[in-house]
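1. Curious how this folds, go ahead:
(chains A and B)
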Amino acid sequence: MKMIFDSSTLILLAKIDLLRESAEAISIVIPSKVKEECLFKDSLDALLIKTLISKGKIKVEKAGNQEAVRKLRADFRIEAGEAQALWLGKKLGVALAVDDGPTIKACKVLGVQFVTAIHFLINLRTRGKLELPMAFAKLDGLATYGRYSRKIIEDAAQRLKGGN
Amino acid sequence: MGVISLRLKDRDLERLDELSKATHKDKSTMARELLEYGWDFLMLKYYKEGKLSLTGLAKKLDVSISEALDLLKERGIEAPIGFDDYLKGFEVLDRVK
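-> Residues are numbered from 1 along each chain as shown, chains lettered A, B, ... in the order given. Below you'll find the model as predicted:
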């Protein structure tokens, strides 16, 4: 399964050290501007993303129609990387991995399916790729860096335990 | 560095004076620091209200997206993701077996 990633989800998964596992589960594609945004400054997450790109685990694609990307930016108050990801998702008819409010709103308006970082954690646990204690450690990381609402974290904890 | 002159309310002048004495910094330095704090606060408010995307916030604060996430974590600002958005996500990833 192919999925377009926005910088927010890519960096979040890198921060909690779940990006490599996610890249094994699905085919990750990022637009060139997202690559630029993620590698803007040296950091551990930037280094991981750079490594996965060089190993071909994350593919970089150009978003072609600059005029359409510009319009998306203006219509939804989003930046170039977010707009390119949205444009690619719409063009290729694949879902977007995004943890950004305005871009999620845009997905809903344009009918582009989306997931967030927490869905990758639950999916990996459901498929038996993560032991429960490790899954909970990652959930703690996502609660901290992802700043999901308490309701979402509680529901995710139940799902990790196999409750839903 | 540019120079501007501006009129401040008496109350703001008193505050500037108070902070300047407390921190042993001159008033100009203190005013510049307050402007920076105010800018950061306003940009975080815009992000919280959905007027700025995460990348937009990072740009306005002149930091990387990773650093913007760290800052949001420090300030305890909840992600703008609703429970219904979260539930919708399962429709997509449930297909990955």
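2. In chain A, which residue sits nearest chain B?
-> A:Gly101 (2.9 Å; CB to the nearest CB). For the C-beta atoms, the positions are set from N, CA and C on the backbone; glycine is no exception.
3. Leaving out chain neighbours, which residue sits closest to that residue?
-> Computed as CB to CB, 6 or more residues apart in numbering or on different chains, the closest residue to A:Gly101 that is not its neighbour in sequence is B:Pro80, at 2.9 Å.
4. again with A:Lys2
-> A:Ser27 (4.4 Å).
5. And the one you found, how close does it get to A:Phe114?
-> As judged by CB to CB, to the nearest Å, A:Ser27 and A:Phe114 stand 17 Å apart.
6. Compare neighbour counts for those two and give me the winner.
-> Between A:Ser27 and A:Phe114, counted using other CB atoms under 10 Å in any protein chain shown, A:Phe114 has the larger neighbour count: 28 against 12.
7. Quick check: that one touching B:Leu87?
-> No - here A:Phe114 does not reach B:Leu87: they are 11.8 Å apart, not a contact under CB atoms under 8 Å.
8. What count of nearby residues applies to A:Ala68?
-> 16.
9. Now do A:Leu44 against A:Ile11, distance only.
-> Applying CB to CB to A:Leu44 and A:Ile11 gives a distance of 11 Å.
10. Please disregard the earlier target; I meant A:Arg20.
-> For A:Arg20 relative to A:Ile11 (CB to CB), the value is 14 Å.
11. Also A:Val94?
-> 20 Å.
12. more crowded one of those two?
-> Neighbour count, other CB under 10 Å: between A:Val94 and A:Ile11, A:Ile11 has more, with 28 against 18.
13. who touches that one in this structure?
-> With contact set as CB atoms under 8 Å, 6 or more residues apart in numbering or on different chains, A:Ile11 has these partners: A:38, A:45, A:49, B:65-66, B:69.
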